[in-house]
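All I have is the shape, not the residue letters:
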Ligand SMILES: [Zn+2]
């Protein structure tokens, strides 16, 4: 029998997920069969994490959010527990509703990761996607913290006002905050309520794009590079898939050696496309601060 305080933590996670998962489903037009959360009291090393397998740090089942409860009612920042719960749901959403994301050597360097840390590109991809889901889904509540909230994401600043596109001496394609900001700019519009009091704006002159969030998921699911199906293992692949071209490599490789080169992009099924030049402005700015 768990002490009452722990059932309170479990209730908090349940309420957070029940409140915001429907918003994610509505925004992206895609559901996921189940969302489980397990609250444990025997794993003080970990805050809240997603279990891709049963072998992952004491997980009892896969596709589950496990928490040792310390971050659920966090004193780190307002809404920190909500952000992390929804971030972990975002991993499950990608894995089961979009594509089974790449793991193993493409994961984070030491099984932990930071908002502005320059990591492996696979880590930046899956963590940035989960951050994007959390900030878009709960943006009306996660306003300025943690990490600057959706306001900070839109304006490429973290909670301390430092640039995330990229952070000093960082490489944007390997930084989860920069990747999340790129995804966010792909789908936000002029009326997105991402100001510090949930008002729209400010508008960004380089961002003239407002793509369908569901389309973005279709791109991730159906894209092929060099004719091969793939689980996206880096934001470089994501950019080629979104642009519908591998030509970004010649530009990106002037900023970073992490980008990989491919010869062709195709899709398993026909999908709409958006302006390549507008997309290019978005990743160049969000990953490298270049306008
Ligand atoms: Zn994560």
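Right, received. Where do you want to start? Not measured: the values here are computed from a predicted model.

Quick check: mean pLDDT of the helix or strand where residue 238 lies?
Assessed by DSSP states H and E, residue 238 sits inside helix 235-243. In this model, helix 235-243 has an average pLDDT of 97.

Check stretch 162-174 too.
Mean pLDDT, taken over the full extent of stretch 162-174, equals 97.

first to last residue in it, what's the distance?
This stretch, stretch 162-174, spans 17 Å end to end (Cα to Cα, to the nearest Å).

Stretch 51-61 now?
Stretch 51-61 has an end-to-end distance of 7 Å (criterion: Cα to Cα).

Please identify the buried residues of that stretch?
The neighbour-count check on stretch 51-61 (16 or more other Cβ atoms under 10 Å) flags 51, 52, 58, 59 as buried. Yep, even glycine has a C-beta here, placed from its N, CA and C like the rest.

Could you dump those into JSON lines and include pLDDT, distance to residue 25 and secondary structure?
Shown next, in JSON lines, are the buried residues of stretch 51-61 (pLDDT from 0 to 100; distance: Cβ to Cβ, whole Å; DSSP: H, G, I helix; E, B strand; the rest coil):
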{"residue": "51", "pLDDT": "88", "distance to residue 25": "21", "secondary structure": "strand"}
{"residue": "52", "pLDDT": "84", "distance to residue 25": "21", "secondary structure": "coil"}
{"residue": "58", "pLDDT": "79", "distance to residue 25": "29", "secondary structure": "coil"}
{"residue": "59", "pLDDT": "84", "distance to residue 25": "24", "secondary structure": "coil"}
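
Mind putting the residues you listed into JSON lines with distance to residue 162?
Formatted as JSON lines, the buried residues of stretch 51-61 follow (distance: Cβ to Cβ, whole Å):
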{"residue": "51", "distance to residue 162": "32"}
{"residue": "52", "distance to residue 162": "31"}
{"residue": "58", "distance to residue 162": "34"}
{"residue": "59", "distance to residue 162": "34"}
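
which one of those is nearest residue 272?
Within the buried residues of stretch 51-61, distances to residue 272 taken as Cβ to Cβ reach their minimum at residue 52, with 30.8 Å.

Taking the stretch 151-291 of the chain, what residue is nearest to the ion?
Nearest residue of the stretch 151-291 of the chain to the ion (Cβ to the ion) works out as residue 176 at 8.2 Å.

how deep is that residue tucked in, by neighbour count?
Residue 176: 29 surrounding residues under other Cβ atoms under 10 Å.

now swap in the one 3 residues further on and tell me
Using other Cβ under 10 Å, residue 179 has 30 other residues around it.

What does the pLDDT read for it?
Predicted confidence (pLDDT) for residue 179: 98.

try the one 4 residues further on
Per-residue confidence (pLDDT) for residue 183: 97.

So which elements touch the helix or strand of the chain with the lowest mean pLDDT?
When each helix and strand of the chain is scored by mean pLDDT, DSSP states H and E, strand 36-39 comes last, with a mean of 82. Applying 3 or more Cβ pairs under 8 Å, 6 or more residues apart in numbering; DSSP states H and E, one finds that strand 36-39 makes contact with helix 4-28, strand 64-67.
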